[in-house]
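# mind looking at a prediction? Sequence and model below.
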Amino acid sequence: MKILKQKDLTDENVLKNLKRSIFIYPTDTIYGIGCDAVSEKLVAYVREIKGRETKPFSVIAPNKKWISDNCIVNEEAKEWIDKLPGAYTLIFKLKNRKAIAENVSFGETIGIRIPAHWISEVVKKFGIPIVTTSANLTGKPFMTSLDDLDKSIYEGEKKGSPSRVIDLTGKEVKILR
């Protein structure tokens, strides 16, 4: 398992190897664990690590265009997209099911983030979405500290909480968390 650091933004080998890796990374809110969101095999492995068999995962999109290319975006949703990057997970109906592996969301909707953090630049360079879920076992507190990691990797304690979840799939916006 790879632990992404900000210096990885400039390492083309790291970016190439992301397609074959599961990795831990900081975001603007908490620490996450993820992988290439198009790889059924890697997504299944993240599910096994987390102990999360069926609950949907969200993704970090490489850019706003990816959202409009692969999701149904109405006028109200465009307003929320304009707020990105930020600590939001926006839920959309998918119009292109092949944009992510089937076992990412198991349905017609997907949660999407673009964090206000350097990890978004990594995903942009990667060019495809990555799974984003908290780096903790399902049902356990989310991680805000990685005390056992080398201090050059660790960005310090995260003071945030997981992103706000905004459901944009119906006629009215629903704030779920």
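Good, I have the coordinates.

# any idea which helix or strand of the chain has the worst average confidence?
Taking mean pLDDT, DSSP states H and E as the measure, the chain has strand 2-3 as its least confident helix or strand, at a mean of 74.

# so what's the gap between that strand and the chain middle?
15 Å (C-alpha atoms, centre = their mean, to the nearest Å).

# now do the buried residues in the helix or strand just after that strand.
Counting by DSSP states H and E, the next helix or strand C-terminal to strand 2-3 is helix 12-17. Under the neighbour-count criterion of 16 or more other C-beta atoms under 10 Å, helix 12-17 has 14-15 buried. C-beta here means a position set from N, CA and C on the backbone, and glycine is covered the same way.

# residue closest to the middle of this protein?
For the chain, T132 is the residue whose C-alpha lies nearest the centre (C-alpha atoms, centre = their mean; 2.8 Å).

# spell out the secondary structure type for that residue.
strand (DSSP: H, G, I helix; E, B strand; the rest coil).

# distance of it from E75?
26 Å (C-beta to C-beta, to the nearest Å).

# now swap in V165 and tell me
20 Å.

# quick one, which of these two is more surrounded?
Taking other C-beta atoms under 10 Å, V165 and E75 do not tie; V165 has more neighbours (16 against 6).

# state the three-state secondary structure for that one.
strand.

# please report the distance of it from F126.
The value you get for V165 to F126, if C-beta to C-beta is used, is 23 Å.

# check contacts around the nearest residue to A77 once chain neighbours are set aside.
Spatial nearest neighbour of A77, excluding adjacent residues (C-beta to C-beta, 6 or more residues apart in numbering): L168 at 4.3 Å. Shown in contact with L168 (C-beta atoms under 8 Å, 6 or more residues apart in numbering): 73-74, 76-77, 80, 90-92.

# take these and lay them out in TSV including distance to E172 and neighbour count.
Shown next, in TSV, are those (distance: C-beta to C-beta, whole Å; neighbours: other C-beta atoms under 10 Å):
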residue	distance to E172	neighbour count
V73	16	19
N74	11	12
E76	8	11
A77	12	21
W80	13	17
L90	14	28
I91	13	22
F92	15	25
